[in-house]
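A.B. asks: Pasting the sequence and the predicted model now:
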Amino acid sequence: MKQLFIVLFIYGFWPALSGPLSLAAPPSPNCKPLDYVMARGYEPQEAFQFGEDIKRLVRDKDLKGLYTHVVGELHYGPRRKFITSSTFETVFSEDWRSRVINSSSPCSRLGWRGFMLGNGKIWYEKTEGAWRILSITGANGIDFDIPNLPESWQSSGKVIPPQCFSTERADNSNYRLFEKTFSIMETDNFRRNPGQYFGNEIDRLDPVPSQNRKEAMVISLNQCFVGKIQDGQIVNERDLKLDVIKQDVVSEDCMPNGRCLPIRYKIVDHVSPAECQKLAPSMPGMCEEAYLLTITRKTGGSIGSFLHTAIYGLFTLANTEKFLVPLKNFPNRNVGRNYTDSLK
């Protein structure tokens, strides 16, 4: 009786949260009726079968076949250019392979993260009507680290804190504010290539007022070094805790309620000052240095961490004040690496 009540509860209240349901779950030898109750935008048996197909490719060590299910570049994992000249054994260990092929193929998503095999070794999802592999973790260390990069970005002998780098928020609110303030119409291009707009549509570097706060995209090092920048907003001066751990520069953002969450960045690749200047041709001053970075913010919620990949340039103005400028944003690190490789 208790089980019946739970099922009726789900059938009765889930539609209000997620849309209409079909009470008739198609028969499946692999998936349970509850999988069909929870499914949105996919058939549970299809999800199960795609997992089985991936496991078969891994079992057969079919590296190219595996990447036929990758559109563009993985969100995380080896890039295509290295797959074309690699063997399965050079990319994946036997332990990795064993964990994937011995895992169970799921019929239901693991929350917003999608479907996984091997306890997170492979993540996949149905997007735009097709099943796709999104991320592959635990691959051997090819293509992940470039030698001779600095552990941290420094200026005037000081390590630049993660708070100095403005990022596009998950809700786009900071970019939308600048689009409205400066009448930027090509919003897609602005969000991909913000460097093109400084000195053009964005004709001043001052922070932009928004309700009871001020927002900045171009960040003054003078303000950031004394802790006056947090998530692109001007805040009261505060001490910043800063550490360098295995080439990650680690700090924390603290909310008005006193809650603090980690924020970190990693230098992924170097970009020449000449290329930096091309990415912001109208920006006043000169570009001294530029890097491709990944910036990771803990959200403190169920979505985990927010990862941002972008090229930033350090510009010195005529009055010698230094600013960090977001030049080009990427959907993930692999796409960013493809771009910086193309510059070389």
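C.D. replies: Yes, it's here.
A.B. asks: remind me which residues of this structure are low pLDDT?
C.D. replies: The chain contains residues with pLDDT under 70 at 1-27, 141-145, 255-258, 299-304.
A.B. asks: tell me the domain ranges of the chain?
C.D. replies: 2-136, 154-343 (automatic domain parsing).
A.B. asks: CSV for these, including distance to residue 147 and mean neighbour count?
C.D. replies: (Each C-beta comes from the backbone N, C-alpha and C, glycine too.) Shown next, in CSV, are these (distance: least, C-beta to C-beta, whole Å; neighbours: other C-beta atoms under 10 Å):
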stretch, distance to residue 147, mean neighbour count
domain 2-136, 16, 15
domain 154-343, 11, 17
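A.B. asks: Can I get these in JSON lines including distance to residue 148?
C.D. replies: As requested, these are exported to JSON lines (distance: least, C-beta to C-beta, whole Å):
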{"stretch": "domain 2-136", "distance to residue 148": "19"}
{"stretch": "domain 154-343", "distance to residue 148": "9"}
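A.B. asks: Quick one: closest of these to residue 146.
C.D. replies: With C-beta to C-beta, the closest approach to residue 146 among the domains of the chain belongs to domain 154-343: 5.7 Å.
A.B. asks: Between the two ends of that closest one, how far is it?
C.D. replies: Using C-alpha to C-alpha, to the nearest Å, the span of domain 154-343 from its first residue to its last is 23 Å.
A.B. asks: same question, stretch 29-43
C.D. replies: End-to-end distance for stretch 29-43, by C-alpha to C-alpha: 13 Å.
A.B. asks: ok now that stretch, how far from the chain's centre?
C.D. replies: How far stretch 29-43 lies from its chain's middle: 29 Å, per C-alpha atoms, centre = their mean, to the nearest Å.
A.B. asks: And stretch 285-305, by the same measure?
C.D. replies: Taking C-alpha atoms, centre = their mean, the mean C-alpha location of stretch 285-305 is offset from the chain mean by 9 Å.
A.B. asks: shouldn't residue 31 be in contact with residue 107?
C.D. replies: Yes. At 3.7 Å, residue 31 and residue 107 qualify as touching, with contact defined as C-beta atoms under 8 Å.
A.B. asks: Other residues contacting stretch 327-337?
C.D. replies: For stretch 327-337, the surrounding residues in contact (C-beta atoms under 8 Å, 6 or more residues apart in numbering) are 72-77, 79, 143, 168, 191-195, 268-269, 276, 279-280, 290, 292, 294, 307-313, 339.
A.B. asks: Can you show me the helices along the stretch 101-250 of the chain?
C.D. replies: 173-181, 187-192, 221-225 (DSSP state H, counting those that start in this stretch).
A.B. asks: list the helices and strands the longest one packs on?
C.D. replies: In other words, helix 173-181. Here helix 173-181 touches helix 187-192, strand 208-210, strand 213-215, going by 3 or more C-beta pairs under 8 Å, 6 or more residues apart in numbering; DSSP states H and E.
A.B. asks: which residues are contacting it?
C.D. replies: If you take C-beta under 8 Å, 6+ apart as the criterion, helix 173-181 is touched by 166, 168-169, 184, 187, 190-191, 194, 202, 208, 210, 215, 217, 232.
A.B. asks: Which member of those residues is positioned nearest residue 124?
C.D. replies: If you rank the contacts of helix 173-181 by distance to residue 124 using C-beta to C-beta, residue 168 comes first, at 25.5 Å.
A.B. asks: which SSE is the residue nearest to the spatial centre of the chain in?
C.D. replies: Closest residue to the average C-alpha location of the chain: residue 307 at 3.2 Å, with C-alpha atoms, centre = their mean. Assigned by DSSP states H and E, residue 307 belongs to strand 305-316.
A.B. asks: So which elements touch that strand?
C.D. replies: strand 260-271, helix 273-279, strand 286-298, strand 322-330, helix 333-343.
A.B. asks: In a markdown table: these, plus distance to residue 137.
C.D. replies: Compiled in a markdown table, the helices and strands packed on strand 305-316 are given as follows (distance: least, C-beta to C-beta, whole Å):
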| stretch | distance to residue 137 |
| --- | --- |
| strand 260-271 | 16 |
| helix 273-279 | 31 |
| strand 286-298 | 15 |
| strand 322-330 | 19 |
| helix 333-343 | 13 |
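A.B. asks: And those: which comes nearest residue 83?
C.D. replies: Among those, helix 333-343 comes nearest to residue 83, with 11.2 Å by C-beta to C-beta.
A.B. asks: between the closest one and strand 305-316, what angle do the directions make?
C.D. replies: Calculated by axes from the mean of the first three to the mean of the last three C-alpha atoms, to 10 degrees, helix 333-343 forms an angle of 30 degrees with strand 305-316.
A.B. asks: Report the angle between helix 333-343 and strand 286-298.
C.D. replies: 160 degrees.
A.B. asks: chain center to helix 333-343: distance?
C.D. replies: Distance, stretch centre to chain centre, for helix 333-343: 15 Å (C-alpha atoms, centre = their mean).
A.B. asks: Please apply the same query to stretch 259-266.
C.D. replies: Offset of stretch 259-266 from its chain centre (C-alpha atoms, centre = their mean): 14 Å.
A.B. asks: try stretch 48-65
C.D. replies: The answer for stretch 48-65 is 26 Å, by C-alpha atoms, centre = their mean.
A.B. asks: list the contacts for the nearest residue to residue 164 once chain neighbours are set aside?
C.D. replies: Spatial nearest neighbour of residue 164, excluding adjacent residues (C-beta to C-beta, 6 or more residues apart in numbering): residue 224 at 4.0 Å. Taking C-beta under 8 Å, 6+ apart, we find residue 224 in contact with 160-161, 163-164, 324.
A.B. asks: Many thanks, we can stop here.
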